[in-house]
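*Asks:* Could you work out the structure for the sequence below:
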Amino acid sequence: MIRSIRLLNWRSHADTKLEFRSGTNLLVGIMGAGKSSILEAISFAFFGTFPALERRKARLEDLVRLNEAGSKISLIFDWGGCGYRIERTIERSKKGTATTAELYKDHQLLEHGVSAVTAYLEGLT
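*Replies:* Next comes the predicted model:
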């Protein structure tokens, strides 16, 4: 179960933290408030991508808030009686855009690197 997500400089979100509870959780807001961005951030946290990136309708640099150097997603979830935290970042530089990823299990670094984190998470199912 997803416990919380924090978005730093992700699209229109300067610093947004959401906490989820058991049962149904709703995202409600006016058009353009950033609801879809939250769902994209959840997908990005778990898989390092989301459909618009896959279809090339969005680029990594588009995900970083305007005039910011980077973006960070931190997602906390429970699985199999353990607590996990995924952290993925996007950094802009003169050389281009790069991503990093780290996965923590019960506060201990478990994996790092985009491919390693994604592979580990896909193996949890």
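*Asks:* The residue lying closest to Thr118 once chain neighbours are set aside: neighbour count?
*Replies:* Excluding the flanking residues, the one nearest Thr118 by C-beta to C-beta, 6 or more residues apart in numbering is Gly48, at 5.0 Å. In this view, the C-beta of every residue, glycine as well, is placed from N, C-alpha and C. Per other C-beta atoms under 10 Å, the neighbour tally for Gly48 reads 17.
*Asks:* Same question for Ile2.
*Replies:* So Ile2, with other C-beta under 10 Å, has 15 neighbours.
*Asks:* In contact with it, which residues are there?
*Replies:* Contact analysis of Ile2 by C-beta atoms under 8 Å, 6 or more residues apart in numbering lists Phe20, Ile42, Leu75, Ile76, Phe77.
*Asks:* which two in the residues you listed are spaced the farthest apart?
*Replies:* Based on C-beta to C-beta, the longest span within the contacts of Ile2 runs between Ile42 and Ile76 and measures 11.6 Å.
*Asks:* joint contacts of those two?
*Replies:* Counting by C-beta under 8 Å, 6+ apart, the residues touching both Ile42 and Ile76 are Ile2, Ile5.
*Asks:* returning to what we had before: which ones among the contacts of Ile2 lie within strands?
*Replies:* The strands, defined by DSSP state E, take in Leu75, Ile76, Phe77 from those.
*Asks:* Alright, I will stop here.
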